[in-house]
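K.L.:
Pasting the sequence and the predicted coordinates here, then a few questions.
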Amino acid sequence: MASYVLKTPITVSGNRIEKVDLREPTFNEICDLGLPGDQTEPDGKLKLLRKYLVVCSGLPEEAVGALGIRNAMALIGKVSDFFTSTD
């Protein structure tokens with residue numbers, strides 16, 4: 001599990017979100033969505049990582065879409081770490 005404190009909190013459905021917890025994707029989720037490294041186009045990889053961000057955070061798509069760029073890129077980096085980390 002990875003946690004990230006948002007630099008700029010967001011409000012979704014009247015709830016203020018200040019911190020996002022990310023869980024590792026399951027093997028089934030990876031099989032369903034595919035591996036980010038298999039994407040040959042940068043836009044395809046970014047869109048896939050956004051899907052993983054929704055799945056791994058439990059946030060609705062609208063909340064992920066409301067993230068500022070700094071928060072979004074930091075969270076996408078943390079999701080990417082699940083695929084590169086060798087803990």
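P.N.:
Done, it's in.

K.L.:
mind listing the strands for this protein?
P.N.:
Ranges of strands within the chain are 2-12, 15-22, based on DSSP state E.

K.L.:
Pipe those strands into a markdown table and attach distance to G34, mean neighbour count and mean pLDDT per row.
P.N.:
All C-beta atoms are positioned from the backbone trio N, CA, C, and that covers glycine. Shown next, in a markdown table, are these (distance: least, CB to CB, whole Å; neighbours: other CB atoms under 10 Å; pLDDT from 0 to 100):
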| stretch | distance to G34 | mean neighbour count | mean pLDDT |
| --- | --- | --- | --- |
| strand 2-12 | 21 | 13 | 93 |
| strand 15-22 | 18 | 14 | 94 |
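
K.L.:
of those strands, which approaches K78 most closely?
P.N.:
Closest approach to K78 among those (CB to CB): strand 2-12, 4.8 Å.

K.L.:
List of residues touching that closest one?
P.N.:
16-22, 59-60, 62-63, 66-68, 70-71, 74-75, 78, 81-82 (CB atoms under 8 Å, 6 or more residues apart in numbering).

K.L.:
ok, now with 7 Å
P.N.:
Applying CB atoms under 7 Å, 6 or more residues apart in numbering, the contact partners of strand 2-12 are 16-22, 60, 62-63, 66-68, 70-71, 74-75, 78.

K.L.:
So which residues make contact with stretch 17-32?
P.N.:
By CB under 7 Å, 6+ apart, stretch 17-32 touches 1-6, 9-10, 52, 55-57, 59, 63, 75, 78-79, 82.

K.L.:
buried residues in stretch 52-60?
P.N.:
Y52, L53, V54, V55, C56, S57, L59 (16 or more other CB atoms under 10 Å).
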